[in-house]
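Undergrad: just coords:
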Ligand code: WAQ
Ligand code: MG
């Protein structure tokens with residue numbers, strides 16, 4: 001197998017993140033050497049042409065990954081739902097999450113995301129029973145990194161009810177992230193909606209499924225976020241270390 005590299009981009013406006021700049025976008029891939037240049041170019045374009053603004057700080061980090069460090073996983077199954085309003089979608093999301101997480105923890109997650117007035121770059125970790133916040137990263141959050149699919153993203157996905165849906169960049173990237181997150185020992189659920197003002201689709205991940213939900217926030221809202229629900233029997237350190245460091249590749253087809 002070719003040598004693989006993790007390539008990650010983060011961009012901000014008004015200076016670097018660590019100097020108070022506003023987060024514009026972040027993205028990452030795991031690719032071989034000959035693809036690195038093309039991906040670096042794509043990531044720069046993403047940072048410079050984003051609906052949230054124009055970055056004046058772009059950080060690109062490239063690291064070699066040893067083949068034995070990589071874990072291979074399957075993507076979550078995708079389930080889709082009909083809903084017409086934010087209230088309906090949130091009620092659905094709560095019902096789905098309550099299969100794996102306490103009602104109290106679900107309420108904490110929603111109030112946390114709904115009270116954000118700036119975006120975090122990462123996710124918050126909540127105790128799946130008490131709803132107590134477990135990470136100590138403040139406004140930064142836990143950033144999931146070192147993940148991608150093997151080969152190309154499929155252009156269509158067949159959902160659990162046998163519907164074919166087209167795969168856009170948001171869905172492809174979110175499904176990879178959510179699949180890595182749910183593969184982490186001790187994580188029992190996730191709640192997410194996008195921070196892109198023109199993208200209102202979100203999801204909850206639990207019970208081996210990516211439950212895709214329309215209308216998770218008002219159109220035009222620049223605030224999004226992610227919450228991961230943790231079983232209190234596992235150590236927060238082991239969860240953080242897996243999310244931040246373990247290289248994971250999603251295999252779309254059987255290998
Ligand atoms: N690790 C942890 N948290 C992250 C990461 C990451 N790598 N990337 C983003 N976040 C957090 C951060 O707080 C962002 O503000 C928030 O999530 C939203 O990120 O069609 O586009 O990249 O099925 O804007 C979901 C629906 C789209 C896709 C999610 O998220 C679909 C999306 P965004
Ligand atoms: Mg975004």
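TA: Alright, I've got the coordinates. Predicted, not measured: the structure shown is a model, and the values here were computed from it. Ligands and ions are numbered 1, 2, ... in the order given.
Undergrad: now residue 138: phi and psi?
TA: phi 60, psi -130 (degrees, to the nearest 10).
Undergrad: distance-wise, check it relative to residue 246.
TA: 23 Å (CB to CB, to the nearest Å). C-beta: built from backbone N, CA, C; applies to glycine.
Undergrad: do the same with residue 137
TA: 18 Å.
Undergrad: what's the helix or strand containing residue 126 in contact with?
TA: Using DSSP states H and E, residue 126 sits in strand 124-127. Contacting residues not belonging to strand 124-127 are listed as 105, 108-109, 112, 132-135, 137, 141-142, 225-230, 232, 236, 239-240 [CB atoms under 8 Å, 6 or more residues apart in numbering].
Undergrad: before we move on, what about stretch 54-70?
TA: 1, 3-17, 21, 24-25, 30, 36, 40, 43-44, 47-48, 146, 246-249.
Undergrad: that one near ligand 2 anywhere?
TA: No. Stretch 54-70 stays clear of ligand 2 (CB under 5 Å from the ion), getting no nearer than 12.6 Å.
Undergrad: right, is stretch 182-196 up against ligand 1?
TA: Yes. Using CB under 6 Å from any ligand atom, we find that stretch 182-196 touches ligand 1 at 192, 194, 195, 196.
Undergrad: most neighbours, which of those?
TA: residue 192 (24 neighbours; other CB atoms under 10 Å).
Undergrad: tell me, what's the model's pLDDT at the residue lying closest to it once chain neighbours are set aside?
TA: Spatial nearest neighbour of residue 192, chain neighbours left out: residue 226 (4.6 Å); criterion: CB to CB, 6 or more residues apart in numbering. Here, the pLDDT recorded for residue 226 equals 98.
Undergrad: quick one: residue 226 and residue 195 touch, right?
TA: No. Using CB atoms under 8 Å, residue 226 is not in contact with residue 195; the gap is 9.7 Å.
Undergrad: now the helices for the stretch 151-255 of the chain?
TA: For the stretch 151-255 of the chain, the helices defined by DSSP state H, counting those that start in this stretch cover 169-182, 236-245.
Undergrad: chain center to the strand holding residue 126, what's the gap?
TA: Computed by CA atoms, centre = their mean, to the nearest Å, the separation of strand 124-127 from the middle of its chain amounts to 14 Å.
Undergrad: just to revisit the earlier point, whichever of the contacts of strand 124-127 end up buried, select them in ChimeraX.
TA: Of the contacts of strand 124-127, the buried ones go into a single ChimeraX selection, burial set by 16 or more other CB atoms under 10 Å:
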select :105,108,109,112,134,135,137,141,142,225,226,227,228,229,230,236,239,240
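Undergrad: out of the contacts of strand 124-127, name the ones that lie in strands.
TA: Assigned to strands by DSSP state E, the following of those qualify: 225, 226, 227, 228, 229, 230.
Undergrad: okay if I get these as CSV plus distance to residue 207?
TA: Shown next, in CSV, are those (distance: CB to CB, whole Å):
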residue, distance to residue 207
225, 22
226, 18
227, 16
228, 15
229, 12
230, 16
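Undergrad: using a markdown table, lay out those residues together with distance to ligand 1.
TA: Formatted as a markdown table, these follow (distance: CB to the nearest ligand atom, whole Å):
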| residue | distance to ligand 1 |
| --- | --- |
| 225 | 4 |
| 226 | 4 |
| 227 | 9 |
| 228 | 8 |
| 229 | 14 |
| 230 | 14 |
